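Peer 1: Pasting the sequence and the predicted model now:
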Protein chains: 2
Amino acid sequence: MKKRILIVGGVAGGASAAARLRRNSEEDEIIMFEKGPHVSFSNCSLPYHLSGVVDEADKLILMNPKKFKSHYNIDARVNSEVISIDRTNKQVSIKDVLTGEIYKETYDKLILSPGAKPIVPNIAGSDKVKIFTVRNVVDIDKLNNYAKSMDSKDIAVIGGGYVGVEVAENLKEAGFNVSLIEAMDQILKPFDYDMVQILHKELYDHGVNLIVGDKVESFEENVVVLSSGRKVSAKIVVMAIGVSPEVNLATDAGIKLGETKAIKVDKNYRTHDEDIYAVGDAIEVYNELTHSMTKLSLAGPAQKEARSVADHINNRKTLNKGYIGSSAIKVFDYNGASTGLNESLIKFLNMNINYEVVRLIASDKVGIMPDSSPMHFKLLFEVPTGKILGAQAIGKGDVTKRIDVIATSIKFNGTVEDLKDLELCYAPPFGTAKDIVNYAGYIGSNLLNCDFKQVNVDKVRDLVEEEAYIIDVREKVEYDNGHIIGANNIPLSELRSRINEIPKDKKVYVHCRTGQRSYNATLALQHLGYTNIYNITGSFLALSFYEYFNDKTTDRKSIVTKYNFK
Amino acid sequence: MKKRILIVGGVAGGASAAARLRRNSEEDEIIMFEKGPHVSFSNCSLPYHLSGVVDEADKLILMNPKKFKSHYNIDARVNSEVISIDRTNKQVSIKDVLTGEIYKETYDKLILSPGAKPIVPNIAGSDKVKIFTVRNVVDIDKLNNYAKSMDSKDIAVIGGGYVGVEVAENLKEAGFNVSLIEAMDQILKPFDYDMVQILHKELYDHGVNLIVGDKVESFEENVVVLSSGRKVSAKIVVMAIGVSPEVNLATDAGIKLGETKAIKVDKNYRTHDEDIYAVGDAIEVYNELTHSMTKLSLAGPAQKEARSVADHINNRKTLNKGYIGSSAIKVFDYNGASTGLNESLIKFLNMNINYEVVRLIASDKVGIMPDSSPMHFKLLFEVPTGKILGAQAIGKGDVTKRIDVIATSIKFNGTVEDLKDLELCYAPPFGTAKDIVNYAGYIGSNLLNCDFKQVNVDKVRDLVEEEAYIIDVREKVEYDNGHIIGANNIPLSELRSRINEIPKDKKVYVHCRTGQRSYNATLALQHLGYTNIYNITGSFLALSFYEYFNDKTTDRKSIVTKYNFK
């Protein structure tokens, strides 16, 4: 039976639903309303127009109404805002935003894909700077044109989420003086504090004026005033502190919201009205790891939801096992990726879960390949089951590959034991025979078996202050190129012959460059009768990254003689 | 209790076993014998010395005996060939290959990691060319020095396996005239014939004289004579037709071989002598997909086996679920990766398995990113279970990421339905919101549901010859830039208005550039009452790659007016 399906909003959710609906049925009438001028564009690519990586704004537009009509027989109406839903009569009112004309359309099924809007808080002096947000092609085009024609180079980006960081990076690449201001003590919440320091450093090293732990208080003439009293010059302010789901249309129609104030949907993305579905940034979804509802602002899930809705409308079986959330970001020369839970989320949610952390640094490809580089990797797993909970990777190389493998393993309820067993592709240009993921499995399995004890680099400052016994098992030449103040240099190559120097009556902390030699030393010492040995995971390399940004931007005292990032 | 453990052979298997043995016990005596001068080197990186990617041969050496001693208290003896095993008295005889001296060492446990040796067939005229093999650092150094000092640029590489192709590529990069000769009709057996044509083309386009389906018959003075009578100029011949397990030491000692003539081991990599283990290229392992024994020449599995052995010797639980075989290769600007089964293996083994194939081409990252490029992807799954059997990917971008995800899914007994549900990392520099792997899951699921029918590009030549009805749904400008001879151009944008041109009484084959538009067209036609519609998977782009190499190197007639690789 021929159906009439209306879709509110295009882009990832709406446009995907429309295309799938057509593939499912040639006879259904499909009308998609988009209040903006573009019904389908690459949302996630918007920031890349600022640097010219995407040289023309028009390239961001993927499909136009004419093509939707000719290719898919889909009626896509732009500049068309759906202003109300009459659920009783199953019809919506649409306002043509160009003419102001209002008209109605009836539906058999209605799909809401309104998205989320950038949050713009009410801050004193908002008229003293030029404020932009980044949601669509019109926004980015406006920002780009204004920035490039203004007589100043000073721009402040408020908010260190994905959009804020990408906008800051791309504006910096375009030659602007960029300040990136984040109220929390770190940017990019999908990464834990110890991991994200690498990206803090990368932004700092590339000349972005990164300010964390300071909040925008007010604006003065081309100046951002922070809580600390600090003033930042900025003719343009890009607001990127977050988004809030577009729910007004839904709530006005009496459609229920969930606990997160996003639209509540069932397994099939249906609202409590059986003829109305909702997808994308406007809904809340089930996080299969936290066992709670969450808002995801990710294009992949939006497309998946849209497809499910189109299938459910056409009586096709759909799948909804919940979400884990996987994402990635490029920050200048570094790449970061994450999936599942991280430590800060576990703490934030007060989750009652016993977990352990694998933290390692390993070469992303065979060390003698000219472009090999260290990858920082963090894996969380449940104790005692070994079930993988989440992972983060940061490095210059292929981080998404490793996190995709972990994301896949999580979806299959994999454990650290399973990671040991994975057969991943290897050739010197791509990786190492034992991949970082395998290593993580081995270390996780060793930790589960209580083969050794560890501390993370975030504890080293405390250790130095309490004058703990730290052994640096690197060779002397490495030690001389920068070491922890107060550490004892006993190279692994001399460990067994100098064993008498190591006290048996106190805790001993061992490190090397990345944690691998010190792991060997840790086990050797245990076998030799030492019972209180801790490996410092990540070791001197992770420590250097961990301490650098705060050392550079605060007046605190360094705990190393010199950094070494090699 | 202190154990005495001897290891025959270093590199991936032996050296990994030694290191893990030491981590498991500080008191055990560990002696490793290597008949060559280097106990640990990057085997897989050897070819990269020829092009200078690894500029010095010494860099290929990862560890030396001195370091093994000082770091791990492991007695690594180079130039030491184990010539016999006395199982009754649990001792081996070792020959110092420099002095000729022979001595004995006893063992509690013995680990065999002798590897495999390059096969050098007996070919008439072998003294008329200079023959090299590539097994170790000495070999590659010799080849490199000889090649670079000789008065000719002509080199022939015999055998199109991984080593042969990598050697050919790196010699070509170094400026030599390289002929790569393969007796079978294709190189690189982990890829099916339809996929590998992309790599055939890549070698051909980069000036490698690639000859397939022709066998070396004899050698004349600096000439390779092939079965076809063709003669190839070559002062150097690199023999890379394959390897055979080093089993003489084992068989001389009465250790049993398996059905593949490699050393037979149990779950814990133990031979039928309970004190003797074997790992690496010399053993056969269980392939969990073919359910048969197989020889793997891969570094990753060798290291895993070695670790398992070291753990089993120390009473630690080990895991052996069998192997699926994952591998990767770079061929000039293209990358290829594969895992699990492919069609040729299924046919070769006469496996009684009902499978279906997903063949797609999709952008490896958001299309507007400057370095995005099409990735060719092939997935095999079982019908009707949907269980994933294997996959291959070839493209300029990140193929190993996608194949690693598939390899991981196979290890977890995943199905095409599971692939739809994977949440993979997305940002425009890394991929697309719906990753190629997700796409493959969707298509696989559609095929399982019999939503549409398909033919692969390898059938198109037949279709052209039998004058089948083919619709090219690309726009006219694309059609004019090269099309299948005899195809009817009805753009997707005109499909519905020109529906009357399409015959209802015969099979209709539909294609576009990559298969996505034609998939939409296929479904539309089905919904419009056409029952015999086939989508040509991969479409014109895959067809161009499929036909090119043979069109260029044989005298057959082309079935397209012009190729298009964009």
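Peer 2: Great, that's in hand.
Peer 1: For A:Phe219, list each beta-bridge partner.
Peer 2: A:Val224 (DSSP bridges).
Peer 1: residues in contact with it?
Peer 2: By CB atoms under 8 Å, 6 or more residues apart in numbering or on different chains, the residues touching A:Phe219 are A:123-129, A:225, A:237. Placement of C-beta: from N, CA and C, glycine included.
Peer 1: are any of those buried, and which?
Peer 2: A:123, A:128-129, A:225, A:237 (16 or more other CB atoms under 10 Å in any protein chain shown).
Peer 1: So which of these sit within helices?
Peer 2: Applying DSSP state H to the buried ones among the contacts of A:Phe219, no entry is found in helices.
Peer 1: So which residues of the stretch 51-200 of chain A form helices?
Peer 2: Here the stretch 51-200 of chain A has its helices, by DSSP state H, counting those that start in this stretch, at A:65-72, A:137-149, A:162-173, A:193-205.
Peer 1: what's the most buried one of those?
Peer 2: By mean neighbour count, with neighbours taken as mean count of other CB atoms under 10 Å in any protein chain shown, helix A:162-173 ranks first of those at a mean of 24.
Peer 1: what residues does it touch?
Peer 2: The set of residues that contact helix A:162-173 without belonging to it, under CB under 8 Å, 6+ apart, is A:47-53, A:134, A:147, A:155, A:157-158, A:178, A:180, A:182, A:187-188, A:199, A:203, A:206-208, A:238, A:240-241, A:327, A:329-332, B:427.
Peer 1: How about stretch A:517-536?
Peer 2: Outside of stretch A:517-536, the residues that reach it under the criterion CB under 8 Å, 6+ apart are A:443, A:451-457, A:460, A:470-471, A:473-474, A:492, A:495-496, A:499, A:502, A:504, A:506-512, A:515, A:539, A:543, B:19, B:22-23, B:25-27, B:71-72.
Peer 1: Where strands are concerned, which of those residues count?
Peer 2: Helix and strand membership here follows DSSP state E; of these, those in strands are A:453-455, A:470-471, A:508-511.
Peer 1: Sort out which of those are buried, if you could.
Peer 2: Buried subset of the ones in strands among the contacts of stretch A:517-536 (neighbour count, 16+ other CB under 10 Å): A:454-455, A:470-471, A:508-511.
Peer 1: export those residues to JSON lines and tack on distance to chain B and pLDDT?
Peer 2: What follows is these, written out as JSON lines (distance: CB to the nearest CB, whole Å; pLDDT from 0 to 100):
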{"residue": "A:Gln454", "distance to chain B": "15", "pLDDT": "97"}
{"residue": "A:Val455", "distance to chain B": "19", "pLDDT": "97"}
{"residue": "A:Ile470", "distance to chain B": "20", "pLDDT": "98"}
{"residue": "A:Ile471", "distance to chain B": "15", "pLDDT": "98"}
{"residue": "A:Val508", "distance to chain B": "16", "pLDDT": "98"}
{"residue": "A:Tyr509", "distance to chain B": "19", "pLDDT": "98"}
{"residue": "A:Val510", "distance to chain B": "14", "pLDDT": "98"}
{"residue": "A:His511", "distance to chain B": "16", "pLDDT": "98"}
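Peer 1: returning to that earlier point: output the helices of the stretch 51-200 of chain A as CSV; include the columns mean pLDDT and distance to B:Ser344.
Peer 2: Below are those laid out as CSV (pLDDT from 0 to 100; distance: least, CB to CB, whole Å):
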stretch, mean pLDDT, distance to B:Ser344
helix A:65-72, 96, 37
helix A:137-149, 97, 47
helix A:162-173, 98, 43
helix A:193-205, 98, 43
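Peer 1: closest one to A:Ile119 among the ones you listed?
Peer 2: helix A:162-173 (11.4 Å; CB to CB).
Peer 1: Now find how far off-centre the closest one is within its chain.
Peer 2: Shown here is helix A:162-173, whose average C-alpha point lies 14 Å from the average C-alpha point of the whole chain (CA atoms, centre = their mean, to the nearest Å).
Peer 1: what's the answer for stretch A:381-395, then?
Peer 2: That offset, for stretch A:381-395, works out to 16 Å (CA atoms, centre = their mean).
Peer 1: end to end, how far does it reach?
Peer 2: 21 Å (CA to CA, to the nearest Å).
Peer 1: what about it, near chain B?
Peer 2: No - counting by CB under 8 Å from any CB of the partner chain, chain B is not contacted by stretch A:381-395; separation bottoms out at 9.3 Å.
Peer 1: For the stretch 351-500 of chain A, just list every one of the strands.
Peer 2: A:355-363, A:374-382, A:388-395, A:453-455, A:469-472, A:488-489 (DSSP state E, counting those that start in this stretch).
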